[in-house]
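**Student:** I would like to see how this sequence folds:
(chains A, B, C and D)
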There are 2 protein chains.
Amino acid sequence: MNTDIKLSMEQVIVETAERLFLEKGFSGTSTTDIARKAGCNQALIHYYFRTKEKLFNVIFEKKLIFFLEQLLKVHSESVGLKERIRLMIESHFDLIAANPQFPGFITSELLASPKRLTALKGVLGDKPNLLIESLQAQIDAEVQKGGVRPIRALDLLLSMIMLNVGLFIYYPMIKNVGGLKDEDMKKSVESRKKENVIMILNSLKPD
Amino acid sequence: MNTDIKLSMEQVIVETAERLFLEKGFSGTSTTDIARKAGCNQALIHYYFRTKEKLFNVIFEKKLIFFLEQLLKVHSESVGLKERIRLMIESHFDLIAANPQFPGFITSELLASPKRLTALKGVLGDKPNLLIESLQAQIDAEVQKGGVRPIRALDLLLSMIMLNVGLFIYYPMIKNVGGLKDEDMKKSVESRKKENVIMILNSLKPD
DNA sequence: TCGTGTTTTAATAGATTTATTAAATGTATT
DNA sequence: AATACATTTAATAAATCTATTAAAACACGA
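**Tutor:** Next up, the predicted model:
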C-alpha cells in the first residue's frame, strides 16, 4: 500500500516551518532555512506567504487556538467540582505531554512579542470569561456547602496551568541542574499528572 | 549632595546591555543598539567584551547565579518543615516580585539555548543536591510523624517555583485574555504570595 | 611637554537575512 | 500546438548585524 500522498509545496512549507519554528522559534528560524529543509527555493516562501511574519502567524495562531480551545473547554458542571477539576488538569496535562515543545514555544514567542496575543482576543471571543464564570459559580456553590475553601477561579486556573506547563518547560533544566538520570525524569513525568491533581485538590480543602 | 558617580564606559555598557537583554532578549538586542543607548561607538563593545555572546554571558551568569543562590539557600531546618516551606516560598516570591522581568528572561534564554545551563553546573557545585537532600530528609521525618504526605523534594520545589514564577511570566497574557483591569491584577499579585503558600502547604496535608 | 599606554572612534569587510523582480518551467484547456 | 495561468527559480537589492583594523583622542607620569 502506498502511503505517499502528494503534498502541495505550500503544505510542505507550512509543515517544515512548523517544525522549525517549534524547535528554534521565530527569530531563530530563517526563510532560507525553511526553504532548504522543505526542498524549494527561498523565494517560494514569499510567493505563498509574502512575509516570514505572515507564515509564522498562520502556524502560531493555529497552534495557540487549538490549545486554548482545549484548555478553555467548559467541562460539564454536572460531574461535581472536584471531578471537574481533575478532568481539566488531566486533559490539559495529556495535551501538553503529547506536544511537549508547545509550552516553551508559546511562552517564548509571547514573551518576545506580547502583541501576538491581542490578535487572538477576537478569535477566542468570551470563552475565557465563560469558563471563569462557570468555574467560579461552581466554586462559590461548593464553598457554601463547605466542600472547598474560597478561591478565585482565575487563581485556580493559573495554578493548574502552571503546574502542568512548568514540568515541560523546565524539564531539561531540572534534569541538568539536578543531575538526574533519564529514568528519574521519566518517573517524574509519569507521576506528575497524579501529583498535580492531588496538589490542586488538596489545596482546595477548607481549613 | 551630588549623587552622580562617574561610571566607566565599560560599566555603562554592562548596565545598558543588562537592561536591553532583559527587555528584548539576546537575539532581539544588537550590539549597535546597546552602543547607541549607552552612548558609545559600537566597536567599543567588542573592545571590552570581544563578542556579543561573551557580554551576554557576563550578565546572564551573574543574574542566574544570584537568583539560583537565593533559591537554593538551605533555609534552616530548625524552624520546622512547614515554616521552612513558607519562608522559602515567600522569599522566592519577593525576589521575583522585585525583578519581575527575570523569570521570562531566564526561561526564554534557556529554552533558546539550553547549553547555557551546562556552563553553570560547575559554579553551583552541589548546592542543588544539598538543598534537595536536606529538604527530603526533613520531609521524610515529618512523614513519619504523620505531619505531611509523602512527596519528593524535587517535586515540591518545582511546584513552589512554578507557582511563583508563573504569575510573572504569564501576567501580561492573563491580563490580556481575561480582559482584566490593572487593579484586578494588582490584587491578584498581592494575594498571590499568600495564595501560593496556602496552596503548597494544604497540598502537603496527609490524606 | 613628550612619550606611552589606554580608550574611543571611523571605516569597513564579510556574512546573513528578508523581500522583490523577471524569467523559466510546468500544466491544463481549447 | 497555442494560449493562459499557476508554480518555481535565479539573481539581486537593500538592510542589518557582528567583528576587525587602523587611526584618533585622551590621560598621565617622567
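
**Student:** what is the neighbour count of A:Lys205?
**Tutor:** 12 (other C-beta atoms under 10 Å in any protein chain shown). Every C-beta, even on glycine, is put in place using the N, C-alpha and C of the backbone.

**Student:** that one touches B:Asn202, doesn't it?
**Tutor:** Yes. Contact criterion C-beta atoms under 8 Å: A:Lys205 and B:Asn202 qualify, at 5.7 Å.

**Student:** can the longest helix along chain A be said to contact chain B?
**Tutor:** Under DSSP state H, the helix in chain A containing the largest number of residues is helix A:153-177. Yes. Using C-beta under 8 Å from any C-beta of the partner chain, helix A:153-177 reaches chain B at A:154-155, A:158-159, A:161-163, A:165-167, A:169-170, A:172-174, A:176-177.

**Student:** so what secondary structure elements neighbour the helix or strand following that helix?
**Tutor:** On the C-terminal side of helix A:153-177, the closest following helix or strand by DSSP states H and E is helix A:182-203. Applying 3 or more C-beta pairs under 8 Å, 6 or more residues apart in numbering or on different chains; DSSP states H and E, one finds that helix A:182-203 contacts helix A:81-98, helix A:153-177, helix B:153-177, helix B:182-203.

**Student:** closest one to DNA strand D among these?
**Tutor:** Nearest to DNA strand D, of all the helices and strands packed on helix A:182-203, is helix B:153-177, at 23.9 Å by C-beta to the nearest atom of the strand.

**Student:** in that closest one, what counts as buried?
**Tutor:** B:153-171, B:173-177 (16 or more other C-beta atoms under 10 Å in any protein chain shown).

**Student:** near chain A, which of the residues you listed show up?
**Tutor:** Answer for those near chain A (C-beta under 8 Å from any C-beta): B:154-155, B:158-159, B:161-163, B:165-167, B:169-170, B:173-174, B:176-177.

**Student:** quick one: which of those is nearest B:Glu109?
**Tutor:** Closest approach to B:Glu109 among these (C-beta to C-beta): B:Ile169, at 13.0 Å.

**Student:** wait, that closest one touches A:Ile106, no?
**Tutor:** No. The pair B:Ile169 / A:Ile106 is not scored as a contact, 10.9 Å apart, by C-beta under 8 Å.

**Student:** ok so, going back, which two from the ones next to chain A among the buried residues of helix B:153-177 end up farthest apart in space?
**Tutor:** Maximum distance among these (C-beta to C-beta): 32.7 Å, for B:Leu154 and B:Asn176.

**Student:** can you pull the residues of chain A lying near DNA strand C?
**Tutor:** With C-beta under 7 Å from any atom of the strand as the criterion, chain A meets DNA strand C at residues A:29-33, A:42-43, A:46-47, A:50-53.

**Student:** of the ones next to chain A among the buried residues of helix B:153-177, which one scores lowest on pLDDT?
**Tutor:** The lowest pLDDT within these belongs to B:Val177, with 69.

**Student:** can you list the domains in chain A?
**Tutor:** A:7-50, A:60-203 (automatic domain parsing).

**Student:** now render these as a markdown table, adding distance to B:Met185.
**Tutor:** Converted to a markdown table, the domains of chain A look like this (distance: least, C-beta to C-beta, whole Å):
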| stretch | distance to B:Met185 |
| --- | --- |
| domain A:7-50 | 27 |
| domain A:60-203 | 10 |
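
**Student:** following the helix or strand of chain A with the lowest mean pLDDT, which helix or strand comes up?
**Tutor:** Least confident helix or strand, chain A: helix A:115-124 with a mean of 80, by mean pLDDT, DSSP states H and E. Next helix or strand after helix A:115-124 toward the C-terminus (DSSP H and E): helix A:127-144.

**Student:** elements contacting that following helix?
**Tutor:** helix A:52-72, helix A:81-98, helix A:153-177.

**Student:** residues of it that come out buried?
**Tutor:** A:Lys127, A:Pro128, A:Leu131, A:Ile132, A:Ser134, A:Leu135, A:Gln136, A:Gln138, A:Ile139, A:Glu142, A:Val143.

**Student:** find the nearest non-adjacent residue to the fifth one, please.
**Tutor:** Pointing back at A:Ser134 there. A:Val74 (5.2 Å; C-beta to C-beta, 6 or more residues apart in numbering or on different chains).

**Student:** doesn't A:Pro128 make contact with the one you found?
**Tutor:** No. Between A:Val74 and A:Pro128 there is no contact under C-beta under 8 Å: 10.6 Å.
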